[in-house]
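Peer 1: Provided below for reference: sequence and predicted model.
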Amino acid sequence: MSYFDVASSAPLHPVARQALQASLDEGWADPARLYREGRRARLLLDAAREAAADAVGCRPDELVFTTSGTRAVHAGMAGALAARRRVGDHLIVSAVEHSSVLHSAEYHERGGGTVTEVPVDRGGAVAPDGYAAALREGTALACLQSANHEVGTEQPVAEVAEVCRAAGVPLLVDAAQSLPWGPVDGAWSLLTASAHKWGGPAGVGLLAVRKGVRFAAQGPADERESGRAAGFENIPAVVAAAASLRAVRAEAAAEGARLRELTERIRARVPALVPDVEVVGDPVRRLPHLVTFSCLYVDGETLLHELDRADFSVSSGSSCTSSTLTPSHVLKAMGVLSEGNVRISLPSGTAAAEVERFLDVLPGVVRGVRETLGAPVAGGSGAEEAVTVDALGMACPQPVIELARAIGRVRVGGTVTVLADDEVAAVDIPAWCWTRQQEYVGERPADQGVAYVVRRSS
């Protein structure tokens, strides 16, 4: 079985396993107590904090351990916003942040705050000018991930941090995906991360708050972790998290270069092996182990099941794999295809032979799914001026399949109108036009659903 989904959760690193087992015997006592067992537990906790702070690039007294990366995000955002309440209630986030950030933003908005989402380009990156334009009097906090969890695009954190610093606004960085590969550059104010992303145990998060950054922990007061993370510390898990972070950092340069070569191989060969595929995310400024592509005319859930049957565990941002059938907010913000989306994130130690086997298997799997769905054959030189396609009641990817069938029936310059009530069509039809070099005219309300108009360009 080839596990290609470490962006979701990495297997427990051998160093983490060793540290966890050892500290179960030594780190069970209350580190706040002065007797021998408590002092021993305190030494373990302090050593773990120093190791984690060194990896983050902050002082040990600036870092606390939380019960998860999500909890670190929620606590970090809430504490920073509360501390700057007198400044204002305006929050800035990018459109492709992790759901933990966006959920906190929604919560802030429900409480009367205001939120600005900074858009991204087709590669998934923000522009520092976008943050500069979003800043205003009353901005309390800005948030920006260091690298995207779905497509791997690295963000210009240092540049955005400088824009925010000049305006006197703190910047919170979600570094969950990038921290295993290196520290986050720039004058960030707060940083969060999650141990299970680098092979530490689940249930350990990091929250760093720079000295001088105003912060007011929310909820009942607790004397542990500087009052910023309530509850008894899970010292064995914390020790294992810090030990594994140090271990993966020691290997990061060499392993990153090796995995980048493998993901470059996937980026180059998948479009050559499988027709009608779009590789998404920035091709250069990206994480070394992650690559994402979308396949036209493919049901994402079926594709993932078929790859699982072929012994490949991969993830997807496709709406077709979601119970709500809503498109990935990341792919939607980028304006790229969401149907048939495959995210591959390679664990350390992945062999080139595993990647080659994936490349051997993928074309047949995609072809089989397309045949099942009745995907169109390219070509056609129709003469009709306009065609209307009724795709009402059809779910992703069927409206796009019907559009692709109909485009060959109209002349160049003719139009196809697709009537659809699937929410995903609003993302995938314009993205299909971009991929197939056809003109997306626009959309309008219809008696039922929405009418999407496409003009044949070639």
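Peer 2: Okay, I see it.
Peer 1: what about the nearest residue to residue 230 once chain neighbours are set aside, how many neighbours?
Peer 2: Distances taken as CB to CB, 6 or more residues apart in numbering put residue 222 closest to residue 230, at 3.7 Å, once the chain neighbours are dropped. In short, each C-beta sits where N, CA and C put it, glycine included. Applying other CB atoms under 10 Å, we find 14 residues neighbouring residue 222.
Peer 1: residue 394 too?
Peer 2: Residue 394 has 19 nearby residues by other CB under 10 Å.
Peer 1: tell me which residues of the top strand by length along the chain come out buried.
Peer 2: For the chain, the strand that runs over the most residues, judged by DSSP state E, is strand 410-420. Within strand 410-420, the residues scored as buried using 16 or more other CB atoms under 10 Å are 410, 414, 415, 416, 417, 418, 419, 420.
Peer 1: in a helix, the residue nearest to residue 230, correct?
Peer 2: No: going by DSSP: H, G, I helix; E, B strand; the rest coil, the assignment for residue 222 is coil, not a helix.
Peer 1: and the pLDDT for it?
Peer 2: pLDDT for residue 222: 87.
Peer 1: again, but for residue 400
Peer 2: At residue 400, pLDDT is 89.
Peer 1: extract the C-alpha set from stretch 42-55 and format it as PDB.
Peer 2: C-alpha atoms of stretch 42-55 as PDB (Å, rounded to 0.1, in the frame of the first residue of the first chain):
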ATOM      1  CA  ARG A  42       9.300  19.700  34.100                       C
ATOM      2  CA  LEU A  43      12.700  19.000  32.700                       C
ATOM      3  CA  LEU A  44      11.200  17.000  29.900                       C
ATOM      4  CA  LEU A  45       8.600  19.700  29.100                       C
ATOM      5  CA  ASP A  46      11.200  22.500  29.200                       C
ATOM      6  CA  ALA A  47      13.500  20.600  26.900                       C
ATOM      7  CA  ALA A  48      10.700  19.900  24.400                       C
ATOM      8  CA  ARG A  49       9.700  23.600  24.500                       C
ATOM      9  CA  GLU A  50      13.300  24.600  23.700                       C
ATOM     10  CA  ALA A  51      13.600  22.200  20.800                       C
ATOM     11  CA  ALA A  52      10.200  23.300  19.300                       C
ATOM     12  CA  ALA A  53      11.100  27.000  19.800                       C
ATOM     13  CA  ASP A  54      14.400  26.400  18.000                       C
ATOM     14  CA  ALA A  55      12.600  24.900  15.100                       C
END
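Peer 1: next, the buried residues of stretch 110-122.
Peer 2: Result for stretch 110-122 [16+ other CB under 10 Å]: buried residues 113, 115, 116, 117, 118, 120.
Peer 1: what is the nearest of the buried residues of strand 410-420 to residue 28?
Peer 2: Closest approach to residue 28 among the buried residues of strand 410-420 (CB to CB): residue 420, at 58.3 Å.
Peer 1: surely that closest one is in contact with residue 452?
Peer 2: Yes: contact criterion CB atoms under 8 Å: residue 420 and residue 452 qualify, at 6.5 Å.
Peer 1: quick check: neighbours shared by the two?
Peer 2: Listed contacts common to residue 420 and residue 452 are residue 429; contacts here mean CB atoms under 8 Å, 6 or more residues apart in numbering.
Peer 1: quick one, what contacts residue 273?
Peer 2: 359, 362, 363.
Peer 1: mark which of those are buried, thanks.
Peer 2: The buried subset of these (16+ other CB under 10 Å) comprises 359, 362.
Peer 1: thinking again about what came up before, from residue 228, how far out is the residue nearest to residue 230?
Peer 2: 8 Å (CB to CB, to the nearest Å).
Peer 1: burial of residue 408, as a residue count?
Peer 2: 16.
Peer 1: confidence score at it?
Peer 2: Listed pLDDT for residue 408 reads 85.
Peer 1: quick check: buried residues in stretch 222-238?
Peer 2: In stretch 222-238, counting by 16+ other CB under 10 Å, buried: 224, 225, 228, 229, 230, 233, 234, 235, 236, 237, 238.
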